[in-house]
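Asker: Have a look at this prediction, sequence included:
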Amino acid sequence: MTAVLSLVVALGAMAILFVNRTRAPMVAMLALFSILPFRSVISHWEDNEQRGHYFGYWFGHDMFTPPFNDPKTGKPLYPEMDPDTVLYGGTDPGRFNPTYMIFCESFIPPSKRNAQDPNFDRRDVALITQNALADGTYLQYIRAHYNRSAQIDPPFFSELFRGPKEIEAGEKTNIIARMMRPLDRFFLKLGDDIEKKRRAGSSFFKEDHFTDLPGFIAKLREGQDPLSRFLYENLSKETQQLLSQEILTGTARARLAEDLSHLLEREFGGRASWRRRTSRGLGALKTICRVAGLTKLRTKRPPCNPKVHT
């Protein structure tokens with residue numbers, strides 16, 4: 001079939017050149033030659049199609065969790081990877097597949113995960129490859145993941161318009177680079193917001209986190225312990241008024257969750273320094289509430305790797 005297609009294309013090109021002897025029509029020739037890869041793509045499409053082919057998923061998933069039990073003993077074939085493991089990956093598949101499982105599969109909602117294991121969540125694992133530990137770019141990548149406060153990323157656009165000698169001398173930048181600063185501020189804020197939501201978003205309160213809202217509000221209003229008094233005093237006046245009503249509305253639940261999340265942000269640094277805090281620190285207030293039975297713990301694993309903010 002390939003030989004026949006090649007012969008047809010060649011004869012077609014000869015016919016075009018025969019009709020146009022003075023000048024080759026480039027549009028017609030390009031259209032003809034664009035047919036050449038068509039047969040190859042169609043004939044190999046089924047073999048190359050990845051939909052329903054789970055080898056990569058199995059490779060990454062099975063590094064963390066055994067997929068089957070031993071038919072003789074009924075126990076897992078091998079033990080599950082320990083929590084807070086530092087995983088050293090050497091080969092390309094040994095890095096890429098667990099990277100996907102840790103930073104992609106683990107972050108999406110359970111309803112969107114692979115149906116074979118919707119509860120998979122291994123954000124506690126730190127992944128490193130020894131093959132690139134001497135590479136400066138890779139070290140920046142690792143610091144950005146696990147020691148974010150030590151990785152200070154320079155503004156991309158303004159630095160792009162500064163010369164090496166200018167940067168080395170530490171001189172005031174040129175006017176073109178200064179004109180790029182609004183663009184840098186926009187993208188830096190966008191990146192900070194995305195990174196914050198990705199790393200610590202599950203530490204903040206949502207409306208459905210309150211298991212006993214009337215009991216929680218009663219403790220806040222009575223203020224019998226320092227924590228309750230502190231929380232109630234730091235709620236907004238509007239939220240305090242909503243909580244003082246006899247009939248609680250959905251607005252009260254939403255405002256309470258919003259105020260508690262703002263309190264978390266205020267106490268642990270805000271946008272400029274949130275990345276220097278650990279997820280355990282960011283969730284300290286929420287953990288106290290969980291222990292007191294005021295809110296529910298939604299997942300069995302930490303909301304994000306505790307090492308990423310240190």
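Answerer: Cool, the structure landed.
Asker: Next secondary structure element downstream of the host helix or strand of His61?
Answerer: Using DSSP states H and E, His61 falls within helix 55-64. Of the helices and strands lying after helix 55-64 in sequence (DSSP H and E), the nearest is strand 86-88.
Asker: Now the helix holding His61 - C-alpha only, PDB.
Answerer: Only the C-alpha atoms of helix 55-64 are listed here, as PDB (Å, rounded to 0.1, in the frame of the first residue of the first chain):
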ATOM      1  CA  PHE A  55       1.100   0.700  31.300                       C
ATOM      2  CA  GLY A  56       2.400   4.200  32.400                       C
ATOM      3  CA  TYR A  57      -0.300   4.500  35.100                       C
ATOM      4  CA  TRP A  58       0.400   1.000  36.400                       C
ATOM      5  CA  PHE A  59       4.100   1.700  36.400                       C
ATOM      6  CA  GLY A  60       3.700   4.800  38.600                       C
ATOM      7  CA  HIS A  61       0.800   3.500  40.800                       C
ATOM      8  CA  ASP A  62       2.400   0.200  41.600                       C
ATOM      9  CA  MET A  63       5.600   1.800  42.900                       C
ATOM     10  CA  PHE A  64       3.500   3.100  45.800                       C
END
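Asker: who does it touch, helix- and strand-wise?
Answerer: For helix 55-64, the packing partners by 3 or more Cβ pairs under 8 Å, 6 or more residues apart in numbering; DSSP states H and E come out as helix 92-100. Where C-beta positions appear, they are placed from N, C-alpha and C, glycine not excepted.
Asker: following the helix it packs on, which helix or strand shows up next?
Answerer: Next in sequence after helix 92-100, counting helices and strands by DSSP H and E, comes strand 126-128.
Asker: partner strands of that next one, parallel or antiparallel?
Answerer: Strands that pair with strand 126-128, judged by DSSP bridges, come out as strand 86-88 (parallel).
Asker: Quick one: mean pLDDT over the strand it pairs with.
Answerer: Throughout strand 86-88, pLDDT has a mean value of 90.
Asker: And it, what's buried?
Answerer: By neighbour count on 16 or more other Cβ atoms under 10 Å, the buried set for strand 86-88 is Leu87.
Asker: Low-confidence regions, this structure specifically.
Answerer: 1-2, 170-171, 268-310 (pLDDT under 70).
Asker: How is the residue nearest the centre of it assigned, secondary-structure-wise?
Answerer: Nearest to the geometric centre of the chain sits Arg198, at 5.1 Å (Cα atoms, centre = their mean). Assigned with DSSP: H, G, I helix; E, B strand; the rest coil, Arg198 falls in the helix class.
Asker: can you list contacts of the helix holding His61?
Answerer: 50, 67, 80-81, 87, 93-94, 97-98, 100-101, 105, 114, 116-117, 120, 122, 125 (Cβ atoms under 8 Å, 6 or more residues apart in numbering).
Asker: Are any of those residues buried, and if so which?
Answerer: Those of the contacts of helix 55-64 that meet the buried threshold are Met81, Leu87, Gly94, Asn97, Pro98, Tyr100, Met101, Glu105, Asp117, Phe120, Arg122, Val125, by 16+ other Cβ under 10 Å.
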